[in-house]
Structures are given as structure tokens and as C-alpha cells.
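Chemist: Kindly generate the corresponding structure for this input.
(one chain, ligands or ions: 2)
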Amino acid sequence: MKTEFIKLDPACPDETMVRRAGEILKAGGLVAFPTETVYGLGGDALNPEASRKIYAAKGRPSDNPLIVHIADMDHLYPIARRVPESALRLAEVWWPGPLTMIFEKTDLVPYETSGGLDTVAVRMPNNSIALALIAASGGYIAAPSANTSGRPSPTTAEHVLGDLDGKIEMILDGGSVRIGLESTIVDFTEEVPVILRPGYVNRDKLEAVLGEVRMDPGLTDEGATAGLRPKAPGMRYRHYAPRAALTIVEGEEDRVVAKINALVREDEARGLKCGVIAPTESAGRYEARDVKNIGSLANDKEIASHLFRVLREFDDDGVDRIYSEAFNTPRMGDAIMNRLLKAAGHQIIEA
Ligand code: TXA
Ligand code: MG
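Modeler: Residues are numbered from 1 along each chain as shown. Ligands and ions are numbered 1, 2, ... in the order given. Presented below is the predicted three-dimensional model:
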């Protein structure tokens, strides 16, 4: 299949192109598009055949459910049973935005889309191209991140092309995404809302609207040690993984720098190529040849938005080993560390 690559101006997306992309989706085809979090791989969420194609294109296990993207609040009720008032308050504040909510599904949502579950994940993205495309496609786009399963999520259209060229009908290029980590997922099918995936809308922001919120115990260190599995199926797989083995080194800065430098020296003596991920504050202190400055600790949104790109760049550089500092920052720390730990297959050592 020839994949069409179309550049669009996010400030004013070409209507003819958006209409064409919408027609592809209505006909059961696949179109990748930008959102404010990461690029999505879209198909008609109400068409089981389209969802099957999404799993095939990504090489994704079909028991890992897809998020249904809507552009209009009125489109929520046909797919979600029992929407609690608290969820509506959250939507009021954060939709369109980097937030996904889980409800019991109606029969309109095929099991192919919900990965066999009786619940559905719904999100209204905050991106003009995404919203126009959803409207042009009939109102419901199922879209996982537009990467090959297991690879870092794409934050540019070029990343999507690298993973999915020849496998989908069209890629809409709207430039680099703003946030760079996937949406926060909150489960409203439990008594108290539960965070199934941390993201830009952090726990403080959720609690400001909802009051009590829980973190999925399967996501915490204690939960994982006790053998609990994350509730969101996608959070169970090794993910975001660069080709090189990644190790996170945690602790006080001087000790971390010394530890990573020592590890790199050992590896390089054995002929291995090493990469280091460090914040602006300490990047200059590393001796490895390939040091990537991921952004300042004083602005952790910058770190979040660079993470997936940096992991992909190490693939292109062909490094054998990657060492990263830990980023337990106040604002985005939960979301960053969740992705970094998965990328590292939970390899973390104390300096
Ligand atoms: O920011 C985002 O959410 C991006 C953009 C494209 O919107 N999408 C995205 O989709 O990250 P994906 O498929 O890569 O991640 C969806 C996650 C998976 O971990 C999946 O298991 C979980 O959401 N999920 C979807 N439906 C669910 C459900 N009904 N119950 C529990 N988890 C669900
Ligand atoms: Mg994904």
C-alpha cells in the first residue's frame, strides 16, 4: 500500500484534505493524525474491521483496547453507559485535552474496539486537525498511539512514517506534538475514580476537580512487588523500548554522575557504544560520547515532551547501552517515570 503523507497547517487545516481523510476512515481505512499528546493511528471506532486493521498495522495484541476519540460532548452518550456527574465536571475542565475517561460501554462499541472488555475509553483531543478529522469521519475515531507496538510513541509525523509507511492509507502531518506523553487515563467504573495511566493531568489536578482519586495499585512499586497487574492492559506490556538496554540510575546528583560515568567507562572498554540521558543541569558532567540533554529539571514539561524523541534518536545512533537519570519532578514526574521505567523494563539501580 502507498501511504500518502499530507502536511497540514494546524492553525487552519485544509478542508478538502480533511474531508478526504474523513472519507478514508468512513470507508474502513486508516489515517494517522496529530493530537496534543502523541500521534494517533485512527480508524472508524464503530467498524470492527477497522479496529482489526489497527491491531494488524501496529502488530498489537488484540486484547489491548483502543481509545475512542470524539469531538463533541453529544457523542459521549451513545457509547458510554452511566456517565457520573464527577466525570462531566472533569470533562468541563479538561476536554478537549490530554485526558481519557473509562465508562461502561454500550452495544454501539464493537468488542474489537474495546479489546473484548465491557468498558470503553473515551477522549476528546485538543488539536484542531484531530477535531476536524473526527467530525469529518462520522464522529468516532479509535486511535492508539501511531507507533509499531513496543516502540516509543510518535511525537512527529516522521516517527509515524518510520514505523507505519506502506501499512496505512494516510498520515496527516501537523508538526511536533505539544505534550509528548500519552493522555492521563481515569477509570470511572469504580466507586472512587482510579488513575490507570499517569499523564499531563496529574493527580493534584484531578483531585482539584474530583476530590478523592486513587492510583491503580498495579502501577505502584509496592503493587508490582506484590504481583498486582495494572488494570489497563496496555500498561502490562514492555513498551516504549529503545533497541538498546536502558538502565535508570537514581540518587543524589554527584553519586549518579559518578556511577553512570563508571558504568560507561566499563562498557566502552568492552567496545560497547553508550548513551546517556541527562537534564540540562548535569548533562555537561558526563563522559560518554552520546549524551542527550533532555531539558531542564526546572521545566519538566520540556523533559516530558522530549522523552520519546530521545529514545528514538538512540535507536538511530545505534548505541548498545543507555543510562538515564531518574526524573522524579513534582509536576510531570509520575508520567515521565512511568514511561521511563517501562522503557527500561524496570531496570533501576541506586547510585
Ligand atoms: O494520548 C493518548 O491517549 C493517545 C492519543 C493518540 O490519543 N492514545 C493512546 O492510545 O495512548 P494507546 O492505545 O497507545 O493507549 C491506550 C491505553 C492502553 O494502555 C489500553 O490498554 C488502555 O488505554 N485502555 C483502553 N481502553 C481501556 C479500557 N476500557 N479499560 C482499561 N484500559 C483501557
Ligand atoms: Mg501506545
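Chemist: switch to C-alpha atoms for all contacts and neighbour counts from now on
Modeler: Noted.
Chemist: mind giving me the domain split of this protein?
Modeler: 4-218+230-234, 240-350 (automatic domain parsing).
Chemist: The first one and ligand 1, any residue contact?
Modeler: Yes. Where contact is defined by CA under 6 Å from any ligand atom, part of domain 4-218+230-234 touches ligand 1, namely 37-40, 64-67, 102, 114, 119-121, 143-145, 182-183, 231-234.
Chemist: First-to-last residue distance for that domain?
Modeler: Using CA to CA, to the nearest Å, one end of domain 4-218+230-234 lies 28 Å from the other.
Chemist: One more: stretch 61-79?
Modeler: 23 Å.
Chemist: and it, how far from the chain's centre?
Modeler: Stretch 61-79 sits 16 Å away from the centroid of its parent chain (CA atoms, centre = their mean, to the nearest Å).
Chemist: and what of stretch 206-225?
Modeler: Distance, centroid of stretch 206-225 to centroid of chain: 18 Å (CA atoms, centre = their mean).
Chemist: What's the mean pLDDT across that stretch?
Modeler: Model confidence over stretch 206-225, given as mean pLDDT, is 92.
Chemist: Quick one: name the residues of the stretch 201-350 of the chain near ligand 1.
Modeler: K231, A232, P233, G234, M235.
Chemist: For the fourth one, list the residues it contacts.
Modeler: With contacts defined as CA atoms under 8 Å, 6 or more residues apart in numbering, G234 is in contact with N64, P65.
Chemist: sec struct for it, please.
Modeler: Per DSSP: H, G, I helix; E, B strand; the rest coil, the secondary structure class of G234 is helix.
Chemist: any idea how far N261 is from it?
Modeler: 34 Å.
Chemist: separation between I6 and ligand 1?
Modeler: 18 Å (CA to the nearest ligand atom, to the nearest Å).
Chemist: three-state assignment of the residue nearest to that residue when sequence neighbours are not counted?
Modeler: Spatial nearest neighbour of I6, excluding adjacent residues (CA to CA, 6 or more residues apart in numbering): L172 at 5.0 Å. Classification of L172 by three-state DSSP places it in strand.
Chemist: And for L172, the neighbour number?
Modeler: As a burial measure, L172 scores 25 neighbours (other CA atoms under 10 Å).
Chemist: Report the contact partners of it.
Modeler: F5, I6, K7, L8, V31, A32, F33, P34, A157.
Chemist: Going by distance to I248, which of the residues you listed wins?
Modeler: Distance to I248 across the contacts of L172 (CA to CA) is lowest for A157, with 28.3 Å.
Chemist: residue ranges with poor pLDDT in this protein?
Modeler: 238 (pLDDT under 70).
Chemist: just to revisit the earlier point, mark which of the residues of domain 4-218+230-234 next to ligand 1 are part of helices, please.
Modeler: Among those, no member is found in helices (DSSP state H).
Chemist: are any of the residues you listed buried, and which?
Modeler: Neighbour counting by 16 or more other CA atoms under 10 Å classes 37-40, 64-67, 102, 114, 119-121, 143-145, 182-183, 231-232, 234 among the residues of domain 4-218+230-234 next to ligand 1 as buried.
Chemist: I'd like the distance between L272 and T189.
Modeler: 48 Å.
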